[in-house]
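Undergrad: build me a structure from this.
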Amino acid sequence: MKNYPFLFLFVCSSGLFSQKTHVSLTARTPYCGGAKPSVEMAAGITRNLGNYYLVVEFKKFNNSKSSEWSRMEIALDENGNWSGKIPKKCYLRIFLADQMLSVPKLKVKYAISDSLHYALKDDSAIEQWKSRPVFEKTDKKFNKFIKLELLETCFLGLNPCYKYIGPKPR
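TA: Residues are numbered from 1 along each chain as shown. Purely as a prediction, here's the structure:
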């Protein structure tokens, strides 16, 4: 009988400070040229990005003492989905796990041997990509469903380290 108040406080606090959230990750591949596209082709192709890792950073609104962000890594399933609990009343940022890698490690991971059609970006451009979250929420409204869509670039996909300098399609 004595443990019931503690159980009640635990259940209430977990319900007040976090909520069940669903995250989905997709990528949109643009139409990159060639023949005149149909309306559907011009819109691009969307596909699920399964088995990716995301880093969720959050900082509570009421915590003005600390400027530190709490961090958790989440793994998406093969369909690009994740369900779990994320705190309600907080600033929220979501990054790709690759954005947490150092610039040298990114250059190794995304290396391209074709130097005729591709050029390596400056380190400052890669650092800028690393600093931009793929999702950011700074208001008190919280959506239980977070749909993330990454826009690929023509001939590179999601490669953050290179730019295409080859011939344009006709």
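Undergrad: okay, now the unreliable bits of this structure?
TA: Along the chain, segments meeting pLDDT under 70 span 1-17, 63-66, 142.
Undergrad: show me where it has strands.
TA: For the chain, the strands defined by DSSP state E occupy 18-29, 45-48, 53-60, 70-75, 81-87, 90-96, 118-120, 135-137, 145-151, 162-164.
Undergrad: dump those to JSON lines, plus distance to residue 104 and mean neighbour count.
TA: Where you see a C-beta, it was placed from the backbone N, CA and C, and this is true even at glycine. Conversion of these to JSON lines gives the following (distance: least, Cβ to Cβ, whole Å; neighbours: other Cβ atoms under 10 Å):
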{"stretch": "strand 18-29", "distance to residue 104": "25", "mean neighbour count": "16"}
{"stretch": "strand 45-48", "distance to residue 104": "29", "mean neighbour count": "12"}
{"stretch": "strand 53-60", "distance to residue 104": "19", "mean neighbour count": "18"}
{"stretch": "strand 70-75", "distance to residue 104": "21", "mean neighbour count": "12"}
{"stretch": "strand 81-87", "distance to residue 104": "29", "mean neighbour count": "16"}
{"stretch": "strand 90-96", "distance to residue 104": "17", "mean neighbour count": "20"}
{"stretch": "strand 118-120", "distance to residue 104": "12", "mean neighbour count": "15"}
{"stretch": "strand 135-137", "distance to residue 104": "26", "mean neighbour count": "15"}
{"stretch": "strand 145-151", "distance to residue 104": "23", "mean neighbour count": "14"}
{"stretch": "strand 162-164", "distance to residue 104": "15", "mean neighbour count": "17"}
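Undergrad: what would these look like in a markdown table with distance to residue 107?
TA: Below are those laid out as a markdown table (distance: least, Cβ to Cβ, whole Å):
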| stretch | distance to residue 107 |
| --- | --- |
| strand 18-29 | 21 |
| strand 45-48 | 26 |
| strand 53-60 | 19 |
| strand 70-75 | 22 |
| strand 81-87 | 28 |
| strand 90-96 | 16 |
| strand 118-120 | 7 |
| strand 135-137 | 25 |
| strand 145-151 | 20 |
| strand 162-164 | 9 |
